[in-house]
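In: just a sequence and a predicted model for now, questions to come.
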Amino acid sequence: MTESAQQRCSWNARWYLRYAFLSDAYFWLPVFFLYFSEILTLDQVLLLEMVYYVGVYVMEVPSGWFSDRFGRRITMLLAAVILAVAYGMIFAGSSFLVFAIAQFLKAAGISFKSGTETAFHFDSLKAIGLEDEFGKREAVVARNRFLGGAAAALIGGLVAMWSLQMAYLVACVFAILMVLLVYRFFEPPIEEEEKHANPISEVISCLGYLKQPMLMFIMLFFILMTILNHVPYEFFQPYISCSLESFHWGEGATPLVSGIHVTLALLVASAFGAWSIGIRNRIGIWWTLLSAAILQTLIITVMAWVLAPIILVLLLARSVPRALMAPVINAAVTGRVQRKHRATYLSMQSLAGRLSFAGMLLLLTSVVPANEHATWASLSTALRLSSWIAIGGTTMFILVALVRSRRDGTGELAA
């Protein structure tokens with residue numbers, strides 16, 4: 001590799017840490033459920049979220065194959081452009097159909113980012129001989145993502161006090177800024193010529209990696225945690241609204257309270273994201289991931305059975321499980337998958353989790369009353385079902401962990 005190419009990849013590695021601040025800057029995060037609920041019924045809102053996950057189903061693996069075949073930079077650039085369009089549509093929209101199309105586009109944009117960003121980071125580091133630092137740098141990336149998300153949530157909550165849809169306008173503007181930043185990136189060089197098959201053949205090849213016990217465990221765990229992590233994500237806004245109903249100022253202040261809450265939650269998560277690799281080094285991959293599952297199960301269960309403002313303090317930890325697991329899983333997976341399959345495999349993993357949660361949303365829409373707006377009765381019904389699923393899934397993984405601990409004396413999966 002030429003000296004010029006090394007300099008470009010060094011620039012990638014340095015600026016990717018700053019890009020991470022924008023990547024998850026979801027200004028709409030504190031108010032999306034409130035905004036859709038203002039116009040649609042609860043079952044329509046859940047269906048709208050399901051449209052997003054169906055969009056992920058359609059786009060996730062093709063976007064990963066596109067990244068492996070045509071390059072990381074162009075894929076990330078397309079993602080930013082698509083997200084800007086989606087946010088603009090939601091800002092201007094007022095019907096289920098428009099929102100559904102925009103949700104599908106949002107799914108496409110996030111799918112094009114998913115996997116590709118991690119692969120771009122690893123490929124850039126490998127090009128300059130720093131791939132051994134990937135885990136440590138991914139912890140910094142996780143911290144920066146949560147810090148960027150925290151700032152965006154606060155800004156989104158503040159502008160939503162004026163109008164809930166304004167959060168999407170701000171998101172659209174920052175997506176355009178992300179387009180400009182990604183345009184400045186350079187495509188990491190390929191060390192040797194690669195032969196790419198069609199998407200179906202590549203997916204079949206990626207499935208072969210699941211013969212490795214570590215990757216199989218991570219895939220199954222990732223599916224469970226995608227479901228569990230998204231339950232508080234989907235329902236914390238109506239939970240805040242219901243918990244503040246007894247206060248005369250509660251309804252008008254809900255967007256701001258939600259924005260502040262998301263900000264604090266992401267700040268807490270940013271610390272755990274930075275510590276995640278250190279925690280893994282101390283207690284191991286197996287128990288780091290299990291601690292994330294146990295914490296999220298506790299949060300969902302308390303949300304399901306107790307409605308009180310004090311529970312909002314516990315909900316500040318709802319992003320900690322994701323912060324703990326993301327750098328640990330990325331570090332464990334990337335080195336075990338070939339470069340030409342890396343983004344496809346990560347997208348396939350993401351798809352498996354999000355498709356599972358789409359099924360979860362469909363299940364939840366079947367247990368809440370039709371044509372009813374979000375109330376504590378309907379909310380608690382959905383959360384209690386989620387709680388039993390969380391308890392069952394987490395218990396299963398704990399039992400597997402105990403069996404493995406006795407078998408190999410370490411508590412770790414075989415690599």
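Out: Cool, the structure landed. Numbering: from 1, shown residues only.
In: can you find the helix or strand of this protein with the lowest average pLDDT?
Out: helix 199-207 (a mean of 81; mean pLDDT, DSSP states H and E).
In: for the helix or strand that it is followed by, list every residue counted as buried.
Out: Following helix 199-207 in sequence order, the next helix or strand is helix 213-243 (DSSP states H and E). Residues of helix 213-243 classed as buried by neighbour count (16 or more other Cβ atoms under 10 Å): 214-215, 217-243. For every residue, glycine as well, the C-beta is placed using N, CA and C.
In: which strands and helices sit next to the next helix or strand after helix 213-243?
Out: Using DSSP H and E, the helix or strand that directly follows helix 213-243 along the chain is helix 250-283. Helices and strands touching helix 250-283, by 3 or more Cβ pairs under 8 Å, 6 or more residues apart in numbering; DSSP states H and E, are helix 32-39, helix 134-160, helix 213-243, helix 285-305, helix 320-334.
In: JSON lines for the ones you listed, including distance to T118 and mean pLDDT?
Out: As requested, these are arranged in JSON lines below (distance: least, Cβ to Cβ, whole Å; pLDDT from 0 to 100):
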{"stretch": "helix 32-39", "distance to T118": "25", "mean pLDDT": "87"}
{"stretch": "helix 134-160", "distance to T118": "8", "mean pLDDT": "91"}
{"stretch": "helix 213-243", "distance to T118": "13", "mean pLDDT": "91"}
{"stretch": "helix 285-305", "distance to T118": "17", "mean pLDDT": "95"}
{"stretch": "helix 320-334", "distance to T118": "5", "mean pLDDT": "93"}
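In: out of those, flag the one nearest A390.
Out: Minimum separation from A390 across the helices and strands packed on helix 250-283 (Cβ to Cβ) falls at helix 285-305, 4.2 Å.
In: quick check: buried residues in the closest one?
Out: 285-301, 303-304.
In: check stretch 377-388 too.
Out: For stretch 377-388, by 16+ other Cβ under 10 Å, it's S378, L379, S380, T381, A382, L383, R384, L385, S386, S387.
In: which ones among the residues you listed map onto helices?
Out: Counting by DSSP state H, the part of the buried residues of stretch 377-388 found in helices is S378, L379, S380, T381, A382, L383, R384, L385, S386, S387.
In: quick one: pLDDT of the fifth one?
Out: Pointing back at A382 there. pLDDT recorded at A382 is 92.
In: now swap in W275 and tell me
Out: Confidence score, pLDDT, at W275: 93.
In: spatially nearest residue to it (excluding sequence neighbours)?
Out: In space, W275 comes closest to A139 once its chain neighbours are excluded; the distance is 7.5 Å by Cβ to Cβ, 6 or more residues apart in numbering.
In: need the contact list for the one you found.
Out: G273, A274, W275, S276, I277, G278, P327 (Cβ atoms under 8 Å, 6 or more residues apart in numbering).
In: the helix or strand hosting L402: how far from the chain's middle?
Out: Per DSSP H and E, L402 falls inside helix 376-408. The chain centroid and the centroid of helix 376-408 are separated by 20 Å under Cα atoms, centre = their mean, to the nearest Å.
In: mind giving me the packing neighbours of that helix?
Out: On a contact count with 3+ Cβ pairs under 8 Å, 6+ apart, helix 376-408 meets helix 213-243, helix 285-305, helix 339-367.
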